[in-house]
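Give the three-dimensional model of this entry:
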Amino acid sequence: MVLLFFLLITLNGFSQYQGHPILSKLEIFESGGKVHMSAMISAGNFCNGIDLERSIDGKNFQVVATEYGSCGNLMEAVTYTLTDATPPKNQKLYYRMHLLGQGYTSQKTINLLGVEEWGYRITPNPASQKAVIHFENWNKALVKIQIVNLAGQVLFDAATNQNSFEIDISKWDNSIYFFTLYNTIFRTKVKGKLLVENN
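Okay, the predicted model is just below:
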């Protein structure tokens with residue numbers, strides 16, 4: 001038993017995540033407008049519960065989710081994922097986990113850009129030189145976009161599994177352009193307008 005414990009501690013030394021001595025992984029991601037943070041606790045390490053904390057300035061944190069009870073396992077690494085169900089949109093957010101009895105993890109940041117009620121957001125708006133059209137795509141579906149001018153000519157046609165399109169509009173005339181976003185899984189369409197104001 002003593003030998004087993006020694007081997008576990010030794011193996012942990014090779015797999016420790018630099019953000020905290022008992023972790024081998026710490027990740028953050030957005031899905032469906034919620035922020036999720038995952039921590040993998042290396043085998044042989046324990047804590048007395050986990051708090052997920054959020055900050056808008058990187059200094060003052062508040063608890064937004066809690067995993068109660070003991071965490072960790074003697075024989076294997078265990079991953080815990082906590083979710084911030086109502087994060088504020090359109091700003092940079094800071095997150096960390098408080099492993100109770102083991103201190104804090106390092107901070108992770110995420111830029112959470114919310115879409116408008118009609119299903120997209122354009123930044124900047126009006127756009128100049130470059131436009132980014134953001135939309136929700138939590139399941140990583142293939143989303144297609146087509147942008148046409150007032151005459152119906154197609155100026156941009158692309159597809160992505162991400163949640164935004166970045167478009168070079170530096171050579172486009174000052175005008176209104178019309179676009180359609182098509183989600184190939186849900187077979188839904190979102191239509192919108194792009195206003196270009198190049199000097």
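
Does residue 53 touch residue 63 like I think?
Yes: using Cβ atoms under 8 Å, residue 53 makes contact with residue 63 at a distance of 5.5 Å. Using the backbone N, CA and C atoms, a C-beta is placed for each residue, glycine as well.

Quick one: neighbours of residue 124, just the number.
11 (other Cβ atoms under 10 Å).

roughly how far apart are it and residue 197?
Distance, residue 124 to residue 197, using Cβ to Cβ, to the nearest Å: 10 Å.

what does residue 154 give?
21 Å.

tell me what the helix or strand harbouring residue 127 is packed against?
Taking DSSP states H and E as the criterion, residue 127 maps to strand 121-128. Here strand 121-128 touches strand 130-134, strand 188-196, going by 3 or more Cβ pairs under 8 Å, 6 or more residues apart in numbering; DSSP states H and E.

what's the model's confidence in the shortest one, averaged?
So that's strand 130-134. Mean pLDDT, computed over strand 130-134, is 92.

Now do the buried residues in it.
Across strand 130-134, burial judged by 16 or more other Cβ atoms under 10 Å covers 131, 133, 134.

Dump the residues you listed into TSV; add distance to residue 178 as well.
TSV is the format used below for the buried residues of strand 130-134 (distance: Cβ to Cβ, whole Å):
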residue	distance to residue 178
131	13
133	12
134	17
